[in-house]
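[1] generate coordinates for the sequence data below:
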Amino acid sequence: MSAEPGIAGVPTRRAPARPIPSGPPAAAPDPDLGHVAEVLGAIERNVASVVAGKPEAVHLVLVTLIAEGHLLIEDVPGVGKTLLARALGRSIDCTVARVQFTPDLLPSDVTGVTVYSPDTGRFDFRPGPVFANIVLGDEINRAGPKTQSALLEAMEERTVTVDGTTRDLDRPFMVVATQNPIELEGTYPLPEAQRDRFLMRLSIGYPSHDDELAILRTHGSGDLVAELRPVTDAASVARAIVAVRQVHVAEPIERYLIALCRATRAHPDAELGASPRAALGLLRAARAGAAMAGRSFVVPDDVKALAPHVLPHRLILRPEAELAGLSPRDVVADVLDGVPAPVG
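    Sure thing, here's the model as predicted:
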C-alpha cells in the first residue's frame, strides 16, 4: 500500500483514486463564464496571430492574467519572450509600461519618486512604470537584487509605498517579466522570495521548422505587434477576474491540491518544497483553467495541467539531486504520479 504523502515521503506507487463529485453543489454560484470565455477567446486569438506556433504559452499567459498572477518567462534570447508580453499588452485597452532592467537601474526608477516642484512649492509624487495595468519587466535578472526587490510589494499586495505613503495600484495588475538563463554573462539570480511572487514560470522554446518559416514570412516585413488593435479593455478583464473567483472547488480537490504541495516538502530530493502561497497560486490557476474550459467547477485535470508550471520554480533541490541531473520539474512530475487524484 502506498505511503501517505507528507508523512513518509512521496508514494512510489499510485494509490486507489478517491471518489469526488463531478460538479458543484446545486447552491454553488454560477459565474458569468460566457463573458470570461468571450474576453479571453478574443485576446487569445489576437495574441496568437503574431506569436506563431506557441498556443500553450499563449494559454498560460491568459490563465495567469485571469488568476491575478504574475508571469516569469525564462529562455534564451530571441525566441519571442518580449514579443509575447507586448502582444498581450496591445490586445487590451489598458495602461502598459515597459522597464528595461539594467545593472544601474534604481528602485525609484521602478516605483516612482517624490520631487520638489518650484511652481507649487511642495513635493509631488511622480509615479514610476509600476503604476500600469500590465508591466513588462524586460531581462529582470540583469538588475541587482535591490532593484528586483522593488517589485515585491507591488506584486504581492498591489500597493506601492514611497516615502511612507502607500498607494494602490489599478486592477487588473500583472507583471510579465522576462529573464535570460542565469548561465549567461551579466545576470543575477532572482531571490527565492521574488520567484515565489510569480504565479508561473514558463519557457517558450524554439519554434518548429514550419513555424519558423511563418515567422520569416510575416515578421520579416514589419512589426506585426505595432499593428495589433485592442480587442477588450481593462474593465472587461477585471469583470472576468471577479467571475473566475466564483468557480467552485470541491473539498476533495482542495485536499488533493494540499497533498501535492505537502508531498514536494517531503520529497527526498527537495530541500525546500512548495509554500502555502504556492498552494493558493495553484488554486487560483486551477479556477482560471476551469473557467477557460467553460466549466464552473474545478476538476483534478485542471490541477494536474497547471502544477508543472506553478510549482517547480518555487522548489529548491538538494545539492546531491542537482549533481545527479535532476530538476524541480522532475520532482513535481514524481509527486503528480505518486499522489492519488480524486475521481468521480
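
[2] are we agreed that Val160 is in a helix?
    No - under DSSP: H, G, I helix; E, B strand; the rest coil, Val160 sits outside any helix and is assigned strand.

[3] I figured it hits Ala132, correct?
    No - if you go by CB atoms under 8 Å, Val160 and Ala132 don't touch, sitting 11.5 Å apart. To be clear about C-beta, it is placed using only N, CA and C from the backbone, and glycine gets the same treatment.

[4] show me what contacts Arg45?
    Taking CB atoms under 8 Å, 6 or more residues apart in numbering, we find Arg45 in contact with Val231.

[5] give me the distance between it and Ser221.
    Look at Arg45 and Ser221: by CB to CB, to the nearest Å, they are 21 Å apart.

[6] now stretch 147-160: buried residues?
    Neighbour counts using 16 or more other CB atoms under 10 Å place Thr147, Gln148, Ser149, Ala150, Leu151, Glu153, Ala154, Met155, Val160 of stretch 147-160 among the buried residues.

[7] check which helix or strand covers the residue lying closest to the third one once chain neighbours are set aside.
    Beyond its immediate neighbours in the sequence, the residue positioned closest to Ser149 (CB to CB, 6 or more residues apart in numbering) is Gln194, lying 6.5 Å away. Taking DSSP states H and E as the definition, one finds Gln194 inside helix 192-195.

[8] any idea how far the helix or strand just after that helix is from the chain center?
    Next helix or strand after helix 192-195 toward the C-terminus (DSSP H and E): strand 200-202. Here strand 200-202 is found 6 Å from its chain centre; the criterion is CA atoms, centre = their mean, to the nearest Å.

[9] show the average pLDDT along the very next helix or strand once past strand 200-202.
    Downstream of strand 200-202, the first helix or strand assigned by DSSP H and E is helix 209-219. Averaged over helix 209-219, pLDDT sits at 78.

[10] and the lowest-mean-pLDDT helix or strand in the chain, what's buried?
    Using mean pLDDT, DSSP states H and E, helix 209-219 stands out as the lowest-scoring helix or strand of the chain, at a mean of 78. For helix 209-219, the buried set under the neighbour-count rule, 16+ other CB under 10 Å, comprises Ile215.

[11] output the helix holding Gln194 as PDB - backbone C-alpha positions only.
    Provided in PDB are the C-alpha atoms of helix 192-195 (Å, rounded to 0.1, in the frame of the first residue of the first chain):
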ATOM      1  CA  GLU A 192      13.600  32.900  -3.700                       C
ATOM      2  CA  ALA A 193      11.200  35.400  -2.200                       C
ATOM      3  CA  GLN A 194      10.700  37.100  -5.600                       C
ATOM      4  CA  ARG A 195      10.400  33.900  -7.600                       C
END
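
[12] got the contact list for that helix?
    Contacts of helix 192-195 with the rest of the structure, by CB under 8 Å, 6+ apart, involve Leu72, Gln148, Ser149, Leu151, Leu152, Met155, Arg201, Leu272, His313, Arg314, Ile316.
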